[in-house]
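A.B. asks: give me coordinates for this.
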Amino acid sequence: MAVKQQNRAKSVAEILKYKPKALPFTGAWFDSFGTPELSGCWLIWGNSGNGKTRFTLQLCKYLANFGRVAYNSLEEGLSLSFQSAIKAVGMRDVTRRFVLLDKEPIDELRARLSGQKSPDVVVIDSIQYSGLSKDTAKALVDEFPRKLFIFVSHADGKNPAGRPASAIRFHAGVKLWVEGYRIPAPVSRYKDGECTPFTIWTEGAERYWVKITD
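C.D. replies: This is a model prediction of the structure:
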């Protein structure tokens, strides 16, 4: 039986007609990340104690202005420290548009995303605890082209730890290394010109970077 070929070849006219769901970031969010699409994937990585979770939750709160957000905490799950982080960023302000998935396996997450009124944005924290390989991570993103996936990763030095995270870094539209409560050099394909460093926590960043420069 002949396999029906998908129409993957796009004309210039079709390309110009494409209307992505752009996220109208403003202020510091725009300065650092531009105007991203509600699709594809981001990668956030860093060493423990540098503000990675705090930033990811700040990002979730901001993204909740544009759609429903699910945070799949595979590594920590529901815990006192996660509860404290939720309180610190004021997540109560977006309580109807944010949900924590308590160590939800990827197969169950996939079923959730296939349902009606499923989340628009999915955080997977962390890639190391997900069981995803570089191929299955890409397949997950490709399976849901109208979702935005945000992968959180451990670090090996200043690089993402492991092959799956390294592969995601290559494909990610936004790449964010977290150090000392700051994203010192954001990389975003959605920003024309240079991306401005993003401060996660002013007091913590000032203490850290003063020590680094002394």
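A.B. asks: every contact and neighbour count from this point should use C-alpha atoms.
C.D. replies: Will do.
A.B. asks: per-residue confidence averaged over stretch 151-162?
C.D. replies: Computed over stretch 151-162, the mean pLDDT rounds to 96.
A.B. asks: repeat that for stretch 64-74.
C.D. replies: The model assigns stretch 64-74 a mean pLDDT of 97.
A.B. asks: start and end of that stretch, how far apart?
C.D. replies: Counting by Cα to Cα, to the nearest Å, you get 20 Å between the two ends of stretch 64-74.
A.B. asks: ranges for the helices of this protein?
C.D. replies: 12-17, 27-33, 52-63, 80-88, 106-114, 134-143, 163-171, 202-213 (DSSP state H).
A.B. asks: tell me, what residue is most central in this protein?
C.D. replies: Ile150 (2.3 Å; Cα atoms, centre = their mean).
A.B. asks: can you give the distance of the helix or strand of the chain with the lowest mean pLDDT from its chain's centre?
C.D. replies: Least confident helix or strand of the chain, by mean pLDDT, DSSP states H and E, is helix 12-17 with a mean of 72. Between the centre of helix 12-17 and the centre of its chain there are 28 Å (Cα atoms, centre = their mean, to the nearest Å).
A.B. asks: alpha carbons of that helix, as CSV, please.
C.D. replies: This file holds the C-alpha atoms of helix 12-17, laid out as CSV (Å, rounded to 0.1, in the frame of the first residue of the first chain):
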residue,chain,number,x,y,z
VAL,A,12,7.4,31.4,-0.5
ALA,A,13,3.7,32.4,-0.4
GLU,A,14,2.9,29.7,2.2
ILE,A,15,5.9,30.8,4.3
LEU,A,16,4.8,34.4,4.3
LYS,A,17,1.3,33.4,5.2
